[in-house]
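**Q** please work out how this folds:
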Amino acid sequence: MASFSRFEDESFSVTLVRHGYMPTSPLHPESAIAMDVLELFFVLSAQCPSLSRLAFVKGVCDFHHVELITLCQRKH
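**A** Numbers count the residues shown, from 1 in each chain. A predicted model of the protein is given here:
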């Protein structure tokens, strides 16, 4: 987990964006996605429109040796 410097009176979401991450929620983000990963998905999906978000996420998880936990798995 990364740590970031935060300016006084700056929201956590703004801090994340300033450091190159897109928060998953504007007010109380529990996670964030690196902007370069979003850019990679954009470039790949432009070349291969049939590339699904799930396939991309599965590939990123495999690359980083991280188990993918879907929303359905989380609820059980």
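**Q** show me the shaky parts of this protein.
**A** Filtered on pLDDT under 70, the chain yields the residue ranges 1-2, 71-76.
**Q** recalculate using a threshold of 90.
**A** By pLDDT under 90, the weakly predicted segments of the chain are 1-12, 26-31, 68-76.
**Q** how about the strands in the chain?
**A** For the chain, the strands defined by DSSP state E occupy 21-23, 32-34.
**Q** pick the most buried one from those strands.
**A** Of all the strands of the chain, strand 21-23 has the most neighbours on average by mean count of other CB atoms under 10 Å, namely a mean of 18. For the C-beta atoms, the positions are set from N, CA and C on the backbone; glycine is no exception.
**Q** that one pairs with which strands, parallel or anti?
**A** Strand 21-23 sits in its sheet next to strand 32-34 (antiparallel), going by DSSP bridges.
**Q** list of residues touching the longest helix seen in the chain?
**A** Assignment by DSSP state H gives helix 35-47 as the longest helix of the chain. The contact list for helix 35-47 (CB atoms under 8 Å, 6 or more residues apart in numbering) reads 20-22, 51, 53, 56, 60.
**Q** and those, which of them are buried?
**A** In the contacts of helix 35-47, burial by neighbour count holds for 21, 56, counting by 16 or more other CB atoms under 10 Å.
**Q** okay, the contacts of helix 35-47 in TSV with distance to Pro29 next?
**A** Formatted as TSV, the contacts of helix 35-47 follow (distance: CB to CB, whole Å):
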residue	distance to Pro29
Gly20	14
Tyr21	9
Met22	9
Leu51	25
Arg53	19
Phe56	20
Val60	19
